[in-house]
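Q: Dropping a prediction and its sequence here:
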Amino acid sequence: MSAVSHNLRAFVVFVHQCAEYQNRRGTEKIREAERRQALLSQEPTDITPANKSQHVWSGAASVDKFENDWSMKPVQIKGIFDHDREIQIKKERNGEKGVDIITPFYTHLDAQGKE
């Protein structure tokens with residue numbers, strides 16, 4: 001077998017493996033999009049902690065477990081924003097200046113700010 005023939009055969013095998021990978025990856029992406037759509041179409045879960053108990057993410061055994069349990073799932077949480085205690089953090093990203101605004105959010109207070 002000549003070197004050209006050997007290289008051509010290796011190239012054909014490589015191209016075939018690339019095509020197989022692309023097909024497999026495309027199928028995985030379709031499955032993941034369908035999984036996410038199914039999760040996002042569910043009714044939101046209320047994750048407001050009761051009576052000053054901890055948030056659902058406080059007791060997570062690991063980041064991976066938390067992501068597996070809550071990623072792409074709609075949630076709602078009840079509380080109030082404390083705009084009087086907002087802080088602004090100056091930042092620069094990609095050459096553009098801006099600010100991040102951080103506003104405390106309390107879940108253990110009622111609409112009047114009382115516990």
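A: Received, thanks. These figures come from a predicted structure and were not determined experimentally.
Q: And for His55, nearest residue in space, chain neighbours not counted?
A: Distances taken as C-beta to C-beta, 6 or more residues apart in numbering put Pro49 closest to His55, at 5.4 Å, once the chain neighbours are dropped. Bear in mind the C-beta positions are built from the backbone N, C-alpha and C, glycine included.
Q: what's around that neighbour, how many residues?
A: Using other C-beta atoms under 10 Å as the criterion, Pro49 is surrounded by 15 other residues.
Q: go on, Pro104?
A: Neighbour count of Pro104, defined by other C-beta under 10 Å: 13.
Q: Now do the contacts for the residue nearest to His55.
A: Residues touching Pro49, when contacts are defined by C-beta atoms under 8 Å, 6 or more residues apart in numbering, comprise 55-56, 107-108.
Q: Going along the chain, name the helices of this structure.
A: Ranges of helices within the chain are 3-40, 63-70, based on DSSP state H.
Q: Show me which positions of the longest one end up buried.
A: Using 16 or more other C-beta atoms under 10 Å as the test for burial, helix 3-40 gives no buried residues.
Q: pLDDT-wise, which helix or strand of the chain ranks last?
A: Taking mean pLDDT, DSSP states H and E as the measure, the helix or strand of the chain with the lowest value is helix 63-70, at a mean of 83.
Q: I would like the residues contacting it, please.
A: Counting contacts by C-beta under 8 Å, 6+ apart, the residues outside helix 63-70 that touch it are 56-57, 60.
Q: per-residue confidence at the spatially most central residue of the chain?
A: When C-alpha atoms, centre = their mean is applied to the chain, the residue found nearest the centroid is Ser71 (5.6 Å). Per-residue confidence at Ser71 stands at 87 (pLDDT).
Q: and what of Gln42?
A: 94.
Q: In this model Gln76 seems to touch it, though I could be wrong.
A: No. Checked against C-beta atoms under 8 Å, the pair Gln42 and Gln76 is beyond contact range at 11.9 Å.
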